[in-house]
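Visitor: What follows is a protein structure lacking sequence information:
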């Protein structure tokens, strides 16, 4: 049940590249959580919000720059990602962003931030969803 939030400068990505970014990020997070990307129940629980900002509103080192990086924040329930899954996910994100934006000379083209929501703190529809319940809803088999 990941929540993905992408912040980017306006017009950093065309619609096709944005669709590719969101689809591939969604699938990468599902794989990292142990879910099948072909499972509609798992796909229905991957939410992504894309936030565009005017280039004039993004600063790096106190300076407004022409090519601002992306910020990709991914929230998952506590314990949903193993350490190896986190490392693999970060590599996949890096490769995808490099393909879409290219590398930026002398600096990063993105930040990827992985956040865990404490057990008992993921809620919706007036109820709390524990990790085990989320995994069951996503048809994730836990060993």
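Guide: Received the coordinates, thanks. All values reported here derive from a predicted model rather than from experimental measurement.
Visitor: List phi and psi for residue 82.
Guide: Dihedral angles of residue 82 (phi, psi; degrees, to the nearest 10) stand at phi -80, psi 170.
Visitor: any idea how far it is from residue 108?
Guide: Counting by CB to CB, to the nearest Å, the separation of residue 82 from residue 108 is 25 Å. The way it works is simple: take the backbone N, C-alpha and C, and place the C-beta from them, glycine included.
Visitor: Run through the strands of the protein in chain order.
Guide: Secondary structure of the chain (DSSP state E): strands at 3-9, 47-53, 59-60, 63-64, 70-77, 110-117, 123-124, 127-128.
Visitor: could you give the mean pLDDT of the first one?
Guide: Looking back up the chat, that one is strand 3-9. Strand 3-9 shows a mean pLDDT of 97.
Visitor: again with the fifth one
Guide: On average, the pLDDT along strand 70-77 is 97.
Visitor: next one: the third one
Guide: For strand 59-60, the mean pLDDT works out to 92.
Visitor: That one pairs with which strands?
Guide: Strand 59-60 pairs in its sheet with strand 63-64 (antiparallel), by DSSP bridges.
Visitor: what's the answer for the fifth one, then?
Guide: Each strand that strand 70-77 pairs with, and the sense of that pairing, follows from DSSP bridges: strand 3-9 (antiparallel), strand 110-117 (parallel).
Visitor: Tabulate the ones you listed (a markdown table), appending distance to residue 43.
Guide: Converted to a markdown table, those look like this (distance: least, CB to CB, whole Å):
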| stretch | distance to residue 43 |
| --- | --- |
| strand 3-9 | 13 |
| strand 110-117 | 20 |
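Visitor: and those as JSON lines, adding mean neighbour count?
Guide: Below are the strands paired with strand 70-77 laid out as JSON lines (neighbours: other CB atoms under 10 Å):
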{"stretch": "strand 3-9", "mean neighbour count": "19"}
{"stretch": "strand 110-117", "mean neighbour count": "16"}
